[in-house]
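J.: coords please:
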Amino acid sequence: MSLRLRRAPVQRQLRCTHEAIQTCHISWLLLSILASITIAASQNAWALPVPNGSFEEADRGIPVDWMFTGADAAIPEAWLSDEPFSGKRALRISAKYGSQSWESAAIPAPAGKKYLLQWQTRFRGEKAWRFRADFCGVEVRFKDKEGRLIDSARQHSYCWQTKGWQPGWFLFTNPPAAKTLHLRFAIQTTKPLPGGFDIDSVELEEWPPVAAVGNSNFCLLTLKIEDERAQPVSARICITDACGKQVHPPGAISYEQAEGAFHPLEEGLCHAVVPRGRYSLTATKGFEFEPWTRTVEVKKNHHEITIRLHRLWDWRQRGWFNGDHHTHLHRHGGSLFPTLRWPDVMRAARSEGLDFIPFMGADRYPSELQLMKDSFHAPDFVYELTDEITEDFWGHVCPIGATAEARKDQRYQEGPMHVDRYAAIAGVGGVLCYGHPHGPLGNGDDLEAVAKFGMGHVAREFPIDLALGIPCAIDLLTMEGPYNQLERKLHDLYRLWNLGFRPVVAASTDFHVDQGRQPIGSVRTYVRSGVLDMRSIAQAYRAGHTFATSGPLLELRVAGAGPGDEVRLSSRDAQIAIQVEAVSLGQIDRIEILVNGQVHQTFTSTQPHRITGICRMISERSSWIAARVYGREDRHLASKLEGRPLGAGQFAHTTPVYVLVEGKPIFAAQSAEADYFVRWCDAVSAGLSQHEPVITERLVRARKVFADLSRCAR
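T.: Got it, this is the predicted structure:
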């Protein structure tokens, strides 16, 4: 039995009637009690007995059947009674006493089988300690019939703090020659560290479980997820019983703001032990696959269902790939899933239909994880392990396409501004994308937050970089502020494009997967790279071959050119054709074609999920042309990011196509648009309480660029 199924009572959804709620509550409670009694009375064929798995039995001050290795001073604190998860005792590993481990007695285990190890854990300590331990987590040691160690499997965690007790899990396969296994919880460190973790309620079972053995009230529900070619694929799953209770199988990454959906433990498979009854099933996979929904009656001991996901649109065939370039793991504490690792993030990304992910959770990778770098392989998916540069004054940036060699450059680590970091990655075709750029800013022109030195999460350097000739991207859709400041970001971008600059449009979530609030990829960037590799993707970002979206897919063509491209016309009054198409899982209302920030043409359609349009324009002067699409809220798409509204329903926006007439640069600005960025530079200068001469000189140069543009516009 999984821990989740033993817990009762359970919460109910409001849509059940009062009587139905009472009935479901009593039924689940009775089933849980009956299951517990049945399991206690008979040894489950799929469960392996963990000796003293709850650490209640003791001998001479330490848990029976567990062997300690480490400093003697750690033992008095190791067997604790301080709010254990269950019973009266739990095990504690405190890194303040240096390296130590607790290893179980031998557990007979049939060779060649897959097992799921589950336990409850509680992490605590200072934030920095998670990077300083050589190893922190669980290890399974396999021994042959002679008791000799033949192999081991370990799971390292970077978690540093949890919200109380949280589930841990580790899926592994017993080697063919193994006869017994030993569970070992450990910390390895060369010096004492201010942190540690607790362990309680350790369970071990065959995987998948055989639910009906010894208990006829439960069934094993197995979902096989496939694509049109019958190939296994990952997906987001939601399982709901007749009274609205969400089912979360062991090892599932479940989410608060996705209707209780989860990412299963394995790609292409989901195993859940459930009471017999009626269930609603939903499977989704990003923005291009049709959501799959069924209601089933689960009666058989082993009920197997094949989910066949169909791709409605394939933007890859047009050269587009999508990704979320700003995600984290165990960065801020409060973890709900303390044993997640970066391969789990990759699995979650694939479940959301993402093609690539520059993972920003890699603040540091010790040698063990570097060796693991090649252990995650998946077709049609690429990734890179990197880190967000959290420079609070100049703005947080996500480097995309920054190779390991480029990140070793001294300027990358110690540059006083992102201009210097850009110099370190420019040679490898990388680009910097400003995340959550307008967090503390309002929706007007007020620059008070820019002028406050201690105010973080403001992309102060973004327009300065553009003025200094540095290409960069900005997250138009992302999690920031109470309303995400979409309108202000649009105004700022339109001002900059009107002034002849070429900022690149992007979108990312800044979600922390271990906190389980919302799946990554809820907003994402599509790039037209033509080839699915990180070098090509970074170059596509750099060139502006992008659109940002919360659901709609966009295709814009101006005289055959796409976002980020130039169209060069030899004379004025030339006529150019504009083509646009938008599709979405949700209903979309309109597409707007923008020329120099003004709506040139609006397209609607009687088809709820697709709009197309063709129009023509006389090019009297150099201009930028972009497309944006609006749609209604949809249950399969996010209209909020961790509770913060994105705007009215769905939204997507392209980077412009730049039309240059007679080779002249784009300049469609009013003097007020340039004056705004003059004031921006002044606000940044006011915010610097201490600065180096090189920074002052750069601000003077950037301010002069905008001041000259202001004079030209008068």
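J.: switch to C-alpha atoms for all contacts and neighbour counts from now on
T.: Noted.
J.: other residues contacting the helix or strand where residue 576 lies?
T.: Taking DSSP states H and E as the definition, one finds residue 576 inside strand 574-583. Residues from elsewhere that reach strand 574-583, judged by Cα atoms under 8 Å, 6 or more residues apart in numbering: 552-559, 591, 609-620, 627, 629.
J.: in it, what counts as buried?
T.: 576, 578-583 (16 or more other Cα atoms under 10 Å).
J.: about what we covered before: kindly give a single PyMOL line that selects the buried subset of the contacts of strand 574-583.
T.: Applied in PyMOL, the following selects the buried portion of those according to 16+ other Cα under 10 Å:
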select buried, resi 552+553+554+555+556+557+558+559+591+609+610+611+612+613+619+627+629
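J.: on that earlier part again, can I get the buried residues of strand 574-583 in JSON lines including distance to residue 349 and pLDDT?
T.: Shown next, in JSON lines, are the buried residues of strand 574-583 (distance: Cα to Cα, whole Å; pLDDT from 0 to 100):
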{"residue": "576", "distance to residue 349": "39", "pLDDT": "96"}
{"residue": "578", "distance to residue 349": "34", "pLDDT": "98"}
{"residue": "579", "distance to residue 349": "31", "pLDDT": "98"}
{"residue": "580", "distance to residue 349": "28", "pLDDT": "98"}
{"residue": "581", "distance to residue 349": "26", "pLDDT": "98"}
{"residue": "582", "distance to residue 349": "23", "pLDDT": "98"}
{"residue": "583", "distance to residue 349": "22", "pLDDT": "98"}
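J.: between the residues you listed, which sits nearest residue 310?
T.: Residue 310 lies nearest to residue 583 out of the buried residues of strand 574-583, by Cα to Cα, at 15.4 Å.
J.: what about that closest one, distance to residue 287?
T.: 10 Å (Cα to Cα, to the nearest Å).
J.: what segments of the protein are helices?
T.: 3-6, 18-41, 75-78, 342-351, 367-372, 404-407, 410-414, 418-425, 448-451, 462-467, 486-498, 534-543, 671-687, 693-713 (DSSP state H).
J.: between these, which one is closest to residue 436.
T.: Between residue 436 and the helices of the chain, the shortest separation by Cα to Cα is 10.5 Å, and it involves helix 486-498.
J.: where does the stretch 401-550 of the chain dip in pLDDT?
T.: Applying pLDDT under 70 to the stretch 401-550 of the chain picks out no residues at all.
J.: kindly report the same for the chain.
T.: Checking the chain against pLDDT under 70 turns up 1-46, 211-215, 362-377, 689-692.
J.: give me the domain ranges for it.
T.: Per automatic domain parsing, the structural domains of the chain span 3-46+210-308, 47-206, 314-549, 552-637+644-668, 671-713.
J.: please identify the deepest-packed of these.
T.: With neighbours defined as mean count of other Cα atoms under 10 Å, those peak in mean count at domain 314-549, which reaches a mean of 21.
J.: picking that back up, got the buried residues of strand 574-583 as TSV, with distance to residue 115 columns?
T.: As requested, those are exported to TSV (distance: Cα to Cα, whole Å):
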residue	distance to residue 115
576	63
578	57
579	54
580	51
581	49
582	46
583	43
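J.: ok, the residues you listed vs residue 657, which is closest?
T.: The closest of the buried residues of strand 574-583, once distances to residue 657 are taken by Cα to Cα, is residue 578, at 10.3 Å.
J.: any idea what that closest one is bridged to?
T.: residue 558, residue 615 (DSSP bridges).
J.: before we move on, what about residue 93?
T.: Under DSSP bridges, the beta-bridge partners of residue 93 are residue 197.
J.: same check, this time on residue 275
T.: Residue 275 has the following beta-bridge partners by DSSP bridges: residue 218.
J.: where's it relative to residue 302, distance?
T.: From residue 275 across to residue 302, the span is 12 Å (Cα to Cα).
J.: shared neighbours of the two, anything?
T.: Common contacts of residue 275 and residue 302 (Cα under 8 Å, 6+ apart): residue 219.
J.: joint contacts of residue 583 and residue 287?
T.: 552-553.
J.: what residues are up against the residue nearest the centre of the chain?
T.: Closest residue to the average C-alpha location of the chain: residue 520 at 3.4 Å, with Cα atoms, centre = their mean. Going by Cα under 8 Å, 6+ apart, residue 520 touches 324, 327, 348-349, 352, 509, 511, 513.
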